[in-house]
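Colleague: Show me how the following folds:
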Amino acid sequence: MSGRRSRRPPLTTLLVDTSVLVKWFHSEGEGEVAEARAIRDANRRGDLDAHIIDLALYEVGNVLLRALRWAASDVADQLEDLIEICGGPLVMAPGWVREAAVLGSAHQLTFYDAAWAAAAQALGVSLVSADSRLVAAGLAESPTAIVKRLGLQRP
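Modeller: Reported below is the predicted structural model:
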């Protein structure tokens with residue numbers, strides 16, 4: 001042996017939006033569940049580095065509590081799990097907010113969706129989204145595209 005340690009290639013860093021995060025905890029009526037969970041599982045294994053922004057807690061919490069009618073304690077448990085999986089959420093910087101307004105206007109997106117795209121652009125990472133408008137605008141990649149590009153195993 002030459003005494004050199006083998007180095008692991010740098011991890012791919014992703015920003016994962018609410019449309020994908022919800023699939024980590026809920027599957028009924030959802031598409032791309034296997035792909036979304038492959039991303040979650042790869043993050044848990046340390047094969048990639050998935051992050052969220054602070055908006056995720058509010059959006060995921062709202063979907064689970066209002067749309068899916070989960071019990072409050074279950075919603076809180078899932079949000080804690082989300083933080084455990086992805087680490088503490090990144091806080092939107094002032095420049096990101098300004099860029100979100102520009103992207104929202106340019107692509108007819110909600111400010112919420114544009115915030116995800118602005119954060120990903122500012123961080124220089126790929127945004128993973130199941131939102132067809134973000135994907136069509138070239139601001140995000142679908143879970144299927146990410147799984148394929150990174151060669152991730154589906155659960």
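Colleague: Which elements pack onto the helix or strand containing residue 84?
Modeller: Assigned by DSSP states H and E, residue 84 belongs to helix 72-86. Helices and strands touching helix 72-86, by 3 or more CB pairs under 8 Å, 6 or more residues apart in numbering; DSSP states H and E, are helix 18-25, helix 33-45, strand 48-51, helix 55-62. (Each C-beta comes from the backbone N, C-alpha and C, glycine too.)
Colleague: Mind checking what helix or strand follows that helix in sequence?
Modeller: helix 94-107.
Colleague: Residue ranges in this protein under the pLDDT threshold?
Modeller: Within the chain, the segments meeting pLDDT under 70 span 1-10, 154-155.
Colleague: wait, isn't residue 143 in contact with residue 30?
Modeller: No. With contact defined as CB atoms under 8 Å, residue 143 and residue 30 do not form a contacting pair (10.5 Å).
Colleague: check contacts around residue 134.
Modeller: If you count contacts by CB atoms under 8 Å, 6 or more residues apart in numbering, residue 134 has them with 17, 109, 113, 116, 117, 127, 140.
Colleague: Might you specify the subset of those residues located within strands?
Modeller: Counting by DSSP state E, these place residue 127 in strands.
Colleague: top of the contacts of residue 134 by neighbour count?
Modeller: residue 116 (32 neighbours; other CB atoms under 10 Å).
Colleague: quick one: contacts for the residue nearest to that one when sequence neighbours are not counted?
Modeller: Counting by CB to CB, 6 or more residues apart in numbering, the nearest residue to residue 116 once its immediate chain neighbours are dropped is residue 17, at 4.5 Å. The contact partners of residue 17, taken as CB under 8 Å, 6+ apart, are 56, 113, 116, 127, 128, 129, 130, 131, 134, 140.
Colleague: So residue 15: helix, strand or coil?
Modeller: strand (DSSP: H, G, I helix; E, B strand; the rest coil).
Colleague: Quick check: buried residues in stretch 130-145?
Modeller: For stretch 130-145, the neighbour count (16 or more other CB atoms under 10 Å) marks 130, 131, 134, 135, 137, 139, 140, 141, 142, 143, 144 as buried.
Colleague: try stretch 83-103
Modeller: 85, 86, 89, 90, 92, 96, 99, 100, 103.
Colleague: who's in contact with that stretch?
Modeller: Residues contacting stretch 83-103 (CB under 8 Å, 6+ apart): 16, 24, 40, 43-44, 50-57, 109, 111, 114-115, 117-119, 121-123, 139.
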